[in-house]
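Colleague: need a structure here:
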Amino acid sequence: VLGVLSWQRRGWCRLERSASLFASRACLIMVTSPQKLVVKSGPEWVVGWPVEGDFSLETDRHMVGEVTSILLSIYRTGLWKKGDLQAWRFYTALMSKTKLYPDFPPNESLSHFLQRYNMSAADSSQLSPLMLASMEGNLSVMQALLREGCDIDATTKFEIPEAHVNGTNTALSLAAQISTPEAVQLLLQARASVNLPKAQGGVRCAPRSRKTTARGGALETEEEEKA
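Modeller: Model prediction:
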């Protein structure tokens with residue numbers, strides 16, 4: 001059952017936000033009890049990206065992951081049919097996060113990776129092979145690309161508004177917000193620059209330093225001051 005108070009406590013925000021973003025229609029059906037539902041254009045208390053939700057019950061984590069994986073697969077199919085290859089590649093790289101386990105073969109070869117993403121090593125895609133491999137945490141492919149001398153600090157101006165991704169990004173900036181600690185560590189060990197070009201954007205997800213609290217039936221986000 002989804003409600004204002006359980007939205008944060010039960011991790012429902014992750015599922016609700018995903019469903020709202022992937023839906024082709026703007027309305028949202030909110031089940032508030034076994035006998036009652038409400039149709040809305042969008043809950044007013046939604047202020048953050050799904051990573052802000054808490055899992056007070058461990059069973060919610062698996063349920064939300066399974067449903068989100070299905071939603072993402074349907075959404076990716078729609079992107080493929082529309083020919084939006086860039087967005088399709090971006091969301092393909094996120095599949096591992098929804099499934100809670102790597103969505104690619106162990107020790108995957110570079111050739112297999114490129115075939116899976118329907119691209120070549122010299123692809124002029126906005127998202128380079130290294131960026132995609134870094135996003136999904138594919139260490140074996142990242143290592144193969146680095147051995148071949150790919151530009152580790154290559155930048156891209158790529159926008160996925162619903163995922164809060166815009167401005168200029170590198171493989172490291174994308175991995176830092178979307179991928180695994182191991183992927184970030186590998187890029188840092190390969191001497192990836194930690195700086196983006198000045199006056200540029202980047203991934204704009206909810207910072208980890210934020211606190212999200214429920215007050216008066218609405219969620220409020222407070223920035224923590226850092227010394």
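Colleague: List the buried residues of stretch 171-185.
Modeller: Residues A171, L172, S173, L174, A175, A176, Q177, I178, S179, T180, A183, V184 are the ones in stretch 171-185 that count as buried (16 or more other Cβ atoms under 10 Å). To be clear about C-beta, it is placed using only N, CA and C from the backbone, and glycine gets the same treatment.
Colleague: and what of stretch 90-110?
Modeller: 90-98, 103-104, 108, 110.
Colleague: Domain ranges for this protein, per the record?
Modeller: Here the domain parsing of the chain from the TED database is 1-83, 87-199.
Colleague: Show me the shaky parts of this protein.
Modeller: The model of the chain has pLDDT under 70 over residues 1-14, 17, 23-32, 37-54, 99-101, 121-124, 197-227.
Colleague: mind redoing it with 80?
Modeller: Where the chain drops to pLDDT under 80, the residues are 1-65, 96-103, 120-125, 158, 161-166, 196-227.
Colleague: Could I get the full set of helices for it?
Modeller: 4-9, 12-22, 58-82, 85-92, 95-99, 110-116, 129-136, 139-147, 171-178, 181-189 (DSSP state H).
Colleague: List just the one of those helices that sits closest to D153.
Modeller: helix 171-178 (7.9 Å; Cβ to Cβ).
Colleague: what helices or strands is that closest one leaning on?
Modeller: helix 129-136, helix 181-189, strand 202-203 (3 or more Cβ pairs under 8 Å, 6 or more residues apart in numbering; DSSP states H and E).
Colleague: So what touches it?
Modeller: Here helix 171-178 makes contact (Cβ atoms under 8 Å, 6 or more residues apart in numbering) with 93-94, 97, 128, 130-131, 134-135, 137, 152-154, 165, 183-184, 187-188, 192-194, 196, 202-203, 205.
Colleague: returning to what we had before: most packed of the domains of the chain?
Modeller: domain 87-199 (a mean of 18; mean count of other Cβ atoms under 10 Å).
Colleague: wait, F158 sits on Q86?
Modeller: Yes: assessed by Cβ atoms under 8 Å, F158 is found in contact with Q86 at 7.1 Å.
Colleague: shared neighbours of these two, anything?
Modeller: Q126, L127.
Colleague: hmm, back to that, can you lay out the helices of the chain as CSV showing distance to S33?
Modeller: Below are the helices of the chain laid out as CSV (distance: least, Cβ to Cβ, whole Å):
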stretch, distance to S33
helix 4-9, 12
helix 12-22, 14
helix 58-82, 18
helix 85-92, 33
helix 95-99, 28
helix 110-116, 43
helix 129-136, 39
helix 139-147, 46
helix 171-178, 36
helix 181-189, 40
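Colleague: and of the ones you listed, who's closest to P34?
Modeller: Per Cβ to Cβ, nearest to P34 of these: helix 4-9, 14.3 Å.
Colleague: how much space between V184 and A176?
Modeller: To A176, V184 is 5 Å away according to Cβ to Cβ, to the nearest Å.
Colleague: if we can go back for a sec, and which of the buried residues of stretch 171-185 is nearest to T68?
Modeller: Distances from T68 to these, taken by Cβ to Cβ, are shortest for I178, at 14.5 Å.
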